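**Q** quick one: sequence and predicted model below, then my questions.
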Amino acid sequence: MEYNTRLNELKSLILSKCGIRFITPADCKRISIEISRHLNKNVSETTIKRLFGFAVVKHKFSTFTLTTLAEYVDFAGIGPEDSADTDELADEWEILKEKADKITHFTLKTIRNRSGIPYEMTIGRKFAEHDFDDFYNGDYIFTSLVSQPGYGKTILLSHLTENLFYRPDATYENSGVLFIKAYNFFNSEVNSFNLEEQLKIQLQIDPKENTLEYINTLQSIHGGKFIIIIDGFAELVLRKEEKTLLFDNIINLICSLEDYKNIKLILSMRSTTWTRFYERMRHSSFLKSKWFPGNYFNLHELSNVPPLSEKEVDIIISRINYLDKKEINPRLKSQLKFPFHIQLYYQLKEEDPDFNYYTNITFYELVSRFIQEKIYRSNYYTEKILFLKKVIQLTGYGKHSNSVPKDSLIAELSAFRNAYMELLADGILMEEKRSENSHPKEFVRFLHPHMFEYFLFVEILEKFHLQVNKDFFNYINTEYDYNQVRFQLLQWATRFLIKTGNFHSLKAFFKLNLSSFETNYLILFIAEEIKYRSKFNTDIIRILEEDKFHEIIISKLLNFDFIDSCYNEAVLALIDIAKNDEHLLIYHSILGILEVIRLNKEGIKKSIDKLRTLDNHKWIISPVQALEIMYAKISAKPPVHSELLQQIEQFKNGENPFDIHSSHPMSASTGISFVLMILVNTFSGDSRSGNQIIQSMVTHHPKEFLKRNNLTLYALALHGIFVSRVFPGKKADQIEKITRHLVSTNHSQLTKYLESLIMMLQAQQAYNRKEYEIAIDHAQECLVLFKRNKVVLSALPMFSLLIKIYMELENYDLMNEYKYEMLCLLDEHQVSRQLF
């Protein structure tokens with residue numbers, strides 16, 4: 001009774017001081033502003049309305065409110081039992097903070113224990129800290145972390161809370177934070193979704209107190225703000241009507257916070273949940289004005305959590321691979337920008353510490369595991385597969401589009417409603433709205449292209465009754481020509497065959513009409529996939545040998561694409577899966593040739609050491625001796641293996657010292673031996689003798705050189721270069737014309753190295769015709785290509801040609817510049833200057 005009497009007296013004094021005889025709701029705002037202006041303390045308009053009976057009063061007014069109002073009117077009638085001094089309020093704040101901290105620390109501990117990788121390997125996100133600063137200092141009530149599943153929102157919030165509130169000298173150490181999981185508020189035991197009441201229960205606030213006003217008052221005394229973080233909405237199992245109640249209650253809480261400037265709210269939701277929540281608030285300009293969307297909000301993806309940056313990925317990978325300093329494959333790194341993939345990568349590294357391959361087999365393994373986890377080991381997996389099959393079929397098996405109108409899935413949506421909702425929640429599918437003829441229309445598509453490619457492959461596989469054969473490969477190669485999914489489908493197919501050990505069917509793949517790059521890359525992909533699978537199934541290597549698979553691979557490696565980095569990596573990977581000495585001899589010989597072209601003395605020495613352990617008596621020349629001759633030349637050492645050098649001289653002169661049988665088809669070892677002879681001649685002969693070797697090759701294998709294959713085209717290009725240098729004229733012009741025709745009609749089939757040899761021929765021919773500008777353009781283009789790919793041996797003739805051109809043009813500055821660059825290149829590789 002005394003409380004009410006004093007309250008009425010306080011109201012009269014307020015009206016008197018403000019000069020108000022008959023108060024109206026509109027006056028409450030004015031009173032609130034006056035108090036704020038005089039005392040620099042905040043008593044909200046809503047609180048004033050409650051005081052004068054214009055709003056419902058559920059609780060007694062807080063001590064802070066009564067003290068502030070009494071101070072405003074100089075009223076001493078608020079007794080000691082109703083007011084508290086600043087020290088008492090500060091003590092209450094410490095108690096409140098301690099309760100909030102206890103809940104928050106429990107949440108952080110739970111997150112640490114449930115982290116997909118060891119928590120110490122995870123990192124905080126700088127973008128989130130910058131966003132939080134803007135949100136904290138701006139006139140916003142709430143913000144939301146929104147993304148598809150697997151973007152690491154929970155770990156992000158954990159680091160954000162630790163870094164900004166709890167670490168020593170934290171930026172917001174004076175603020176309070178309550179980090180709580182949604183299921184603590186909303187679960188089967190909670191009959192109501194009243195957030196204020198649940199906050200009161202969690203923080204153990206006196207039932208008589210107004211929860212928000214109590215928190216706001218204590219925080220205002222201490223300074224800073226009180227941040228409420230609610231995460232884990234995806235773990236709630238609620239009916240549709242319960243979700244609506246939940247969203248409405250969150251909106252009510254946000255509206256209530258308008259009067260409490262010291263409390264802010266952070267929500268963490270998946271994109272699908274946010275879409276439904278936003279539908280409840282999108283018509284309110286007030287709510288949209290008080291929402292901080294973040295600086296990275298992507299309307300198309302409905303996300304404001306960007307993928308990990310390259311620097312962030314590097315930090316995480318360095319923590320996972322702290323014992324392995326080998327640089328990670330760039331293709332793999334690009335896939336690890338999604339935190340969920342990092343979790344799968346960590347699992348793979350636990351199984352296989354050497355899991356770091358050049359191709360993207362890691363990516364395919366990650367996708368496969370993700371699908372296993374999210375679909376095949378989940379609820380409703382049969383319904384999910386049927387639904388996804390229907391989506392693929394409606395896209396015309398990927399030929400028409402990668403999305404389908406939602407209304408075309410009405411029957412499936414009715415039959416597989418739960419499965420569909422889980423596909424959306426797990427980030428397999430997503431809904432998007434588009435405008436067609438000025439009318440909004442909903443579409444459904446796979447969230448990530450690689451998910452679409454996987455299920456497209458599965459559907460095509462079922463179309464062919466799980467038989468991957470020549471018809472299967474031809475179907476993909478022709479039906480998806482000029483379609484970006486074609487190459488990915490081929491990789492899924494080769495992976496499937498290797499996983500099932502079906503190397504016989506894999507042979508059909510090499511009969512496809514693929515570009516040189518595609519062939520090299522897929523050989524490397526196959527080799528690395530076999531290497532990975534063989535660690536868990538040793539029979540794969542045995543089956544590989546039985547099916548004579550290496551012979552097919554070797555025939556494709558005779559394209560000698562020394563510029564393509566995949567070619568070099570493929571040879572290295574094939575060495576790891578080869579057990580037969582004959583195969584190893586070929587692979588190490590090719591590797592030795594690559595090292596010679598790079599003028600890599602250390603690499604040549606390693607190849608020599610490896611080849612010495614292998615029997616090469618069936619070869620027409622010894623690759624070990626050929627490499628040792630070149631190594632001695634490069635190192636400026638005395639000549640070695642004079643007998644082999646003499647045999648090569650005899651071969652140049654049309655003799656047959658190697659006992660080559662013209663009736664026998666040219667073997668891979670013979671083709672590699674020819675290349676070795678040409679390289680030996682590069683160091684010990686000239687263009688004239690180089691041309692003699694090629695003519696002798698044609699003489700001893702006339703039938704082979706009537707065919708158009710990689711080796712004969714390689715020989716033709718070298719023949720043209722040698723002839724243009726020694727016998728410029730009609731013959732050289734004829735070869736140039738043929739090679740130009742090859743480039744124009746078979747561009748995709750030619751290797752990049754062969755193209756560069758043809759360009760070298762064109763540069764020499766332009767020089768012979770005194771077309772210096774054309775010659776310079778071609779020579780410089782070759783030089784850029786050779787230097788970038790470390791093909792040093794081929795770069796040197798282009799340096800020499802440019803030096804000759806600029807000398808004839810009397811441009812001595814550029815002549816000396818190229819001469820100096822050439823000498824520096826030789827010095828860098830520790831090669832004798834006199835050699836070239």
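**A** Now that the structure is in, tell me what you want to look at. Numbers count the residues shown, from 1 in each chain.
**Q** do me a favour and get the end-to-end distance for stretch 429-444?
**A** Separation of the first and last residues of stretch 429-444 by C-alpha to C-alpha, to the nearest Å is 7 Å.
**Q** so Ala668 makes contact with Ile553?
**A** No. The pair formed by Ala668 and Ile553 falls short of the contact definition of C-beta atoms under 8 Å, at 10.2 Å. In this view, the C-beta of every residue, glycine as well, is placed from N, C-alpha and C.
**Q** what about the strands in this protein?
**A** With DSSP state E as the criterion, the chain has strands at 142-147, 176-181, 226-231, 263-270, 291-292, 403-405, 429-436, 439-446.
**Q** buried ones in stretch 140-155?
**A** Going by neighbour count (16 or more other C-beta atoms under 10 Å), the buried part of stretch 140-155 is 140-155.
**Q** same deal with stretch 277-286?
**A** If you call a residue buried by 16+ other C-beta under 10 Å, then stretch 277-286 has these buried ones: Phe277, Tyr278, Arg280, Met281.
**Q** just the ones in helices from those, please.
**A** Phe277, Tyr278, Arg280, Met281 (DSSP state H).
**Q** the closest residue to the last one other than its chain neighbours: neighbouring residues, count only.
**A** The shortest distance from Met281 to any residue other than its chain neighbours is 4.3 Å, reached at Leu287 (C-beta to C-beta, 6 or more residues apart in numbering). By the criterion of other C-beta atoms under 10 Å, Leu287 has 17 neighbours.
**Q** any idea how far Leu287 lies from His400?
**A** Leu287 sits 40 Å away from His400, going by C-beta to C-beta, to the nearest Å.
**Q** equivalent analysis for Leu611, please.
**A** Between Leu611 and His400 the computed distance is 54 Å (C-beta to C-beta).
**Q** more neighbours: the two, which one.
**A** Neighbours were counted for Leu611 and for His400 using other C-beta under 10 Å; Leu611 has more, 22 against 10.
**Q** does Gln692 touch Lys652 like I think?
**A** Yes. With contact defined as C-beta under 8 Å, Gln692 and Lys652 form a contacting pair (4.1 Å).
**Q** where does the chain have low pLDDT?
**A** Counting by pLDDT under 70, the chain has low-confidence residues at 1-3, 58-60, 63, 75-90, 187-193, 322-326, 331, 355-356, 438, 747-748.
**Q** coming back round to it: turn the strands of the chain into TSV, columns for distance to Thr382.
**A** TSV is the format used below for the strands of the chain (distance: least, C-beta to C-beta, whole Å):
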stretch	distance to Thr382
strand 142-147	29
strand 176-181	31
strand 226-231	32
strand 263-270	24
strand 291-292	40
strand 403-405	21
strand 429-436	16
strand 439-446	19
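**Q** for the stretch 201-350 of the chain, what spans make up the helices?
**A** 211-222, 240-256, 271-281, 285-289, 310-320, 330-335, 339-351 (DSSP state H, counting those that start in this stretch).
**Q** helices along the stretch 401-550 of the chain, start to end?
**A** Shown for the stretch 401-550 of the chain, the helices assigned by DSSP H, counting those that start in this stretch span residues 410-415, 417-425, 449-463, 470-479, 485-499, 503-506, 516-534, 539-546, 549-557.
**Q** for those, which one ends up most surrounded?
**A** helix 516-534 (a mean of 22; mean count of other C-beta atoms under 10 Å).
**Q** quick one: that helix to helix 339-351, angle?
**A** Direction vectors for helix 516-534 and helix 339-351, defined by axes from the mean of the first three to the mean of the last three C-alpha atoms, to 10 degrees, enclose an angle of 60 degrees.
**Q** nearest residue to Gly398 in space, please, no chain neighbours.
**A** Across the structure, with C-beta to C-beta, 6+ apart as the measure, the residue nearest Gly398 apart from its sequence neighbours is Leu456 (4.8 Å).
**Q** ok, now how distant is the one you found from Gln393?
**A** The spacing between Leu456 and Gln393, counted by C-beta to C-beta, is 10 Å.
**Q** between these two, which contacts overlap?
**A** Residues touching both Leu456 and Gln393 (C-beta atoms under 8 Å, 6 or more residues apart in numbering): none.
**Q** so which elements touch the helix ranked longest in the chain?
**A** Taking DSSP H as the criterion, the chain has its longest helix at helix 86-114. Here helix 86-114 touches helix 153-161, strand 176-181, helix 211-222, going by 3 or more C-beta pairs under 8 Å, 6 or more residues apart in numbering; DSSP states H and E.
**Q** starting at the chain centroid, how far to it?
**A** Relative to the chain's own centre, helix 86-114 is displaced by 38 Å; criterion: C-alpha atoms, centre = their mean, to the nearest Å.
**Q** next, give phi and psi for His617.
**A** As for His617, its main-chain torsions (degrees, to the nearest 10) stand at phi -70, psi -20.
**Q** same question for Gly501.
**A** phi 70, psi 20.
**Q** what's the closest non-adjacent residue to it?
**A** In this structure, Gly501 finds its nearest non-sequential neighbour in Ile543, 5.3 Å apart by C-beta to C-beta, 6+ apart.
**Q** and the one you found, how close does it get to Ser622?
**A** 32 Å.
**Q** contacts for stretch 394-401 next, please.
**A** 392, 402-404, 408-409, 452, 456, 459-460, 463, 479-480, 483, 485.
**Q** can you do 6 Å?
**A** Residues external to stretch 394-401 that are found in contact with it (C-beta atoms under 6 Å, 6 or more residues apart in numbering): Val404, Ser408, Leu456, Val485.
**Q** quick check: the farthest pair among the residues you listed?
**A** The two members of the contacts of stretch 394-401 with the most space between them (C-beta to C-beta) are Ser408 and Val485, at 20.9 Å.
**Q** quick one: Ser414 from Leu423, how far?
**A** In this structure, Ser414 and Leu423 are separated by 15 Å, where distance is defined by C-beta to C-beta.
**Q** typo on my end, it should be His664
**A** Distance, His664 to Leu423, by C-beta to C-beta: 60 Å.
**Q** need the contact list for the closest residue in space to Ser516 that isn't next to it in sequence.
**A** The shortest distance from Ser516 to any residue that is not its chain neighbour, by C-beta to C-beta, 6+ apart, is 4.4 Å, and that residue is Thr751. Each residue near Thr751 by C-beta under 6 Å, 6+ apart is listed here: Ser516, Asn559, Asp561.
**Q** in CSV, list those residues along with distance to Thr122.
**A** Output for the contacts of Thr751, formatted as CSV (distance: C-beta to C-beta, whole Å):
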residue, distance to Thr122
Ser516, 42
Asn559, 45
Asp561, 42
